[in-house]
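**Student:** Got a predicted model here, sequence first, then my questions.
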Amino acid sequence: MPFCSKCGANVADSAAFCPSCGTPQVPVSANAAAAAVPAQSQMSENVAGLLCYVLGWITGLIFYFVDKRPFVRFHATQSIVTFGGLHLISIVIAWMFGISFFTGGFAVFSFGLTLDRIVDLVSVVLWIVLMVKAHQHERFRVPIAADLAEKFFGKS
């Protein structure tokens, strides 16, 4: 089933207009379909949603700009906010406790290193869970990140 090039909604093969946004659809003949398959129809939504998480916020950003389907955009924005936020938290922790090594000694530094490893563990667990849920075609919402993604990028 093809998708609307404007809003990403499912469109019937014989539909002249998108049922969601009303954009005119170009009918594709059997010969033209074999010659030129649209890029979005080559990959299923669940695989594209999974790929939004593969390299964290980087692939989320790529799929946010490339794929307009609502399911994929949801996972792309959630990937950007979740893994971008965890990346920033990890950088801040490393910076703060790296400097504290010189001022507070090894005890403060080792506490910071432990805290950074906890953030890394949370990142890996979220990474696996989100990829599995996206591949199962579920809109699994990370509690804080999904709300922030809707606030920053709009409802997908």
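**Tutor:** Done, it's in.

**Student:** The residue nearest to the spatial centre of the chain in helix, strand or coil?
**Tutor:** For the chain, the residue nearest the mean C-alpha position is A76 (2.1 Å; CA atoms, centre = their mean). Under DSSP: H, G, I helix; E, B strand; the rest coil, A76 falls in the helix class.

**Student:** list the contacts for it?
**Tutor:** Going by CB atoms under 8 Å, 6 or more residues apart in numbering, A76 touches C52, G60, L61, I62, F63, Y64, D67, S156. All C-beta spots, glycine's among them, are computed from the backbone N, C-alpha and C.

**Student:** Can you name the residues that contact the third one?
**Tutor:** I take that to be L61. L61 neighbours (CB under 8 Å, 6+ apart): A76, I80.

**Student:** name the element it belongs to?
**Tutor:** Assigned by DSSP states H and E, L61 belongs to helix 57-66.

**Student:** For that helix, list the C-alpha coordinates in PDB.
**Tutor:** Coordinates of each C-alpha in helix 57-66 appear next as PDB, following Å, rounded to 0.1, in the frame of the first residue of the first chain:
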ATOM      1  CA  TRP A  57      20.300  10.600  17.900                       C
ATOM      2  CA  ILE A  58      22.300  10.700  14.600                       C
ATOM      3  CA  THR A  59      20.000   8.300  12.800                       C
ATOM      4  CA  GLY A  60      17.000   9.800  14.500                       C
ATOM      5  CA  LEU A  61      18.000  13.100  12.900                       C
ATOM      6  CA  ILE A  62      18.500  11.500   9.500                       C
ATOM      7  CA  PHE A  63      15.100   9.800   9.500                       C
ATOM      8  CA  TYR A  64      13.400  12.900  10.900                       C
ATOM      9  CA  PHE A  65      14.300  14.800   7.700                       C
ATOM     10  CA  VAL A  66      14.100  11.900   5.200                       C
END
